[in-house]
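In: Pasted the sequence and its predicted model underneath.
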Amino acid sequence: MHNIPRTTHSPCRLCRALEPSEEPAIENTILFQSKRFVVLPALGPLSLGHVHVVSREHFPNLGSMGPDAIAEYEQIAEHLRHRPLFSKGFVEAEHGATDEASKGGACVIHTHVHWIPGFHECYSEIIANCDNVAELSSLADLARIVGPYIFVRTLTDPIAVFDARGLPSQFLRGRLCACHDRDDRDWKQALRPDLVEATVSQWQGS
């Protein structure tokens, strides 16, 4: 494990998840790691293999971490694209919060990018009727965005980014559930520890 300084914000669930523990909860299992990021299984997963790429340090969003961190994130993304769980398609997306007043639909203000196997056919549903939707040529362009944003891409669709000001909590999850006519729109009410455990087992066995 890389040992680098990390600002701890005790109210932040993801900061607490990264604190050393002799008996870490299964959702805090580190599946993959780099200097600035770890991959953790998502609580309330929408599908087998749903994980988060989480910053070790407390930053509000990926764009705020700067170009070097974004380049490192892209190396992790390339690794994830070749994992068996993502081979048939996935959605990659982030609620890019800025602060408590501009959460952009995020539940936790700490860089965490969702990787969700399947759901790639919902790309158009996610960005439908959103404000200021634009295509980015590179994730590095996130560093120039001021204010909360959401970015989404799939293996075959470009990076789409749009204004997330005023969006409801769990906006992304709501769009994905609507696309599949599902009712588990609140991850806090659908923690699915069985899927979390299966994701860890699949990851460690592949």
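Out: Right, received. Where do you want to start?
In: secondary structure class for the residue of the chain most remote from its centre?
Out: Farthest-out residue of the chain from its mean C-alpha position, per CA atoms, centre = their mean: residue 22, at 25.7 Å. At residue 22, secondary structure determined by DSSP: H, G, I helix; E, B strand; the rest coil is coil.
In: likewise residue 109?
Out: Per three-state DSSP, the secondary structure class of residue 109 is coil.
In: residue contacts, residue 73?
Out: Residues in contact with residue 73, defined by CB atoms under 8 Å, 6 or more residues apart in numbering, are 36, 37, 53, 62, 65, 113, 139. Where you see a C-beta, it was placed from the backbone N, CA and C, and this is true even at glycine.
In: hang on, it in a strand?
Out: No - secondary structure of residue 73, determined by three-state DSSP: helix, with no strand assignment.
In: And it, how far from residue 56?
Out: Shown here: residue 73 relative to residue 56, a distance of 12 Å by CB to CB, to the nearest Å.
In: Overlap of the contact sets of the two?
Out: Between them, residue 73 and residue 56 share the contacting residues 36, 37, judged by CB under 8 Å, 6+ apart.
In: before we move on, the earlier item: and the pLDDT at the residue farthest from the centre of the chain?
Out: Note for residue 22: predicted pLDDT of 83.
In: and the end-to-end length of stretch 19-32?
Out: Its start and end residues considered, stretch 19-32 measures 16 Å (CA to CA, to the nearest Å).
In: From the rest of the structure, what touches that stretch?
Out: 1, 8, 17-18, 38-43, 51, 76, 79-80, 193, 196-197, 200, 203-204.
In: Where does the prediction get shaky in the protein?
Out: Residues of the chain that meet the criterion pLDDT under 70 lie in 1-10.
In: all helices for this structure, in order.
Out: Secondary structure of the chain by DSSP state H: the helices cover 13-17, 67-81, 123-127, 171-179, 193-205.
In: Switch those over to TSV; also include distance to residue 106.
Out: Formatted as TSV, those follow (distance: least, CB to CB, whole Å):
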stretch	distance to residue 106
helix 13-17	11
helix 67-81	17
helix 123-127	15
helix 171-179	9
helix 193-205	20
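In: Which one, of those helices, ends up nearest to residue 144?
Out: When the helices of the chain are ranked by proximity to residue 144, the top entry is helix 67-81, at 10.0 Å, counting by CB to CB.
In: Can you list the buried residues in the closest one?
Out: Within helix 67-81, the residues that count as buried by 16 or more other CB atoms under 10 Å are 69, 70, 73, 76, 80.
In: re the thing from before, list only those of the contacts of stretch 19-32 flagged as buried.
Out: Going by neighbour count (16+ other CB under 10 Å), these have 17-18, 38-43, 51, 76, 80, 196, 200, 203 buried.
In: which among those gets closest to residue 145?
Out: Comparing the buried ones among the contacts of stretch 19-32 against residue 145 with CB to CB picks out residue 76 as the nearest, at 20.3 Å.
In: Roughly how far does the closest one sit from residue 203?
Out: Separation of residue 76 from residue 203 (CB to CB) stands at 14 Å.
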